[in-house]
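Chemist: This is a predicted model, with the sequence first.
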Amino acid sequence: MGDLKNIRILVVDDDMAMADLIEQILSKEGYSLHRSPSIADAQEAVRRTLPDLILLDRNLTDGDGADFCQELKQDEKTKKIPILFLSGTKKDLSEKVLGLHLGGDDYIIKPFHHEELSARVKVVLRRSYPDLFGKAALRAGPLRLDFESKKAFLNKKELSLTAKEYDLLSALVQRKNRVLTREFLLQSVWGEGVHTEKLVDVTIGSLRKKLGKVGHKIMAIRGSGFRLDFEA
């Protein structure tokens, strides 16, 4: 399995007690949790760093979570982010159907059992990112990452990478063909307390050199970040 601490989950809920509970449950699973109490705050959070999954409450102080979901699904940069709706009401089936119709990947009614939330999150992530689960190694073209030994191979030859280079390559491979912002890569590899985005550019440059002829597969996306381009 991939490194769960690199899986970023954004919780959008104005109920602080509920957000605390969700963070407590999912942090124990190893995920990286980030919180937004409103749609406006969530919009800014997504603009800064794309999450891998959004837990989205339907009833927020500044709007309906379904409208925010629709907004995300209409944007090329965010349309592939899976969304798990949260709802504090047991209304008829039509509300759940609407959420799923607008692009939601699942729907859970509050209050819920800890095990149910954990299981639903895992199912959505496994469906959206099948390469992250159930594998001790991951491939992208001629690249192979061994998660247990934390080693990387190119055409079966081991690459001599620093710890940060490996972590950065791992983040790119796990989300290949997807644009990752500098801020996301910075937080995933160096942690929350580091704010020098130049570190990402320098390490990308070093990685490209070590990858040789396939170094160009790490594409710089102007105004956005980087993307590793491989079909498989």
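Modeler: Cool, got the structure.
Chemist: what's residue 8 sitting at in phi/psi?
Modeler: The phi and psi values for residue 8, taken as degrees, to the nearest 10, are phi -100, psi 120.
Chemist: Make sure it is actually in contact with residue 55.
Modeler: No: with contact defined as C-beta atoms under 8 Å, residue 8 does not count as touching residue 55 (11.7 Å). Heads up, the C-betas are built off the backbone N, CA and C, glycines and all.
Chemist: who has more neighbours, these two?
Modeler: Higher neighbour count among residue 8 and residue 55: residue 55, with 27 against 19, using other C-beta atoms under 10 Å.
Chemist: for the helix or strand hosting the more buried one, packing partners?
Modeler: If you go by DSSP states H and E, residue 55 is part of strand 53-57. Here strand 53-57 touches strand 8-12, helix 39-48, helix 65-73, strand 83-87, helix 114-128, going by 3 or more C-beta pairs under 8 Å, 6 or more residues apart in numbering; DSSP states H and E.
Chemist: Now tell me what touches the third one from outside.
Modeler: Spelled out, that is helix 65-73. Here helix 65-73 makes contact (C-beta atoms under 8 Å, 6 or more residues apart in numbering) with 12, 39, 42-43, 46, 54, 56-60, 78-79, 81, 83, 85-86, 98-99, 102-104.
Chemist: one step back: what would the helices and strands packed on strand 53-57 look like in TSV with mean pLDDT and distance to residue 206?
Modeler: Putting the helices and strands packed on strand 53-57 into TSV (pLDDT from 0 to 100; distance: least, C-beta to C-beta, whole Å) gives the following:
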stretch	mean pLDDT	distance to residue 206
strand 8-12	95	24
helix 39-48	94	25
helix 65-73	93	34
strand 83-87	91	35
helix 114-128	91	30
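Chemist: With distance to residue 208 as added columns, please give these in TSV.
Modeler: Below are the helices and strands packed on strand 53-57 laid out as TSV (distance: least, C-beta to C-beta, whole Å):
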stretch	distance to residue 208
strand 8-12	24
helix 39-48	25
helix 65-73	31
strand 83-87	34
helix 114-128	28
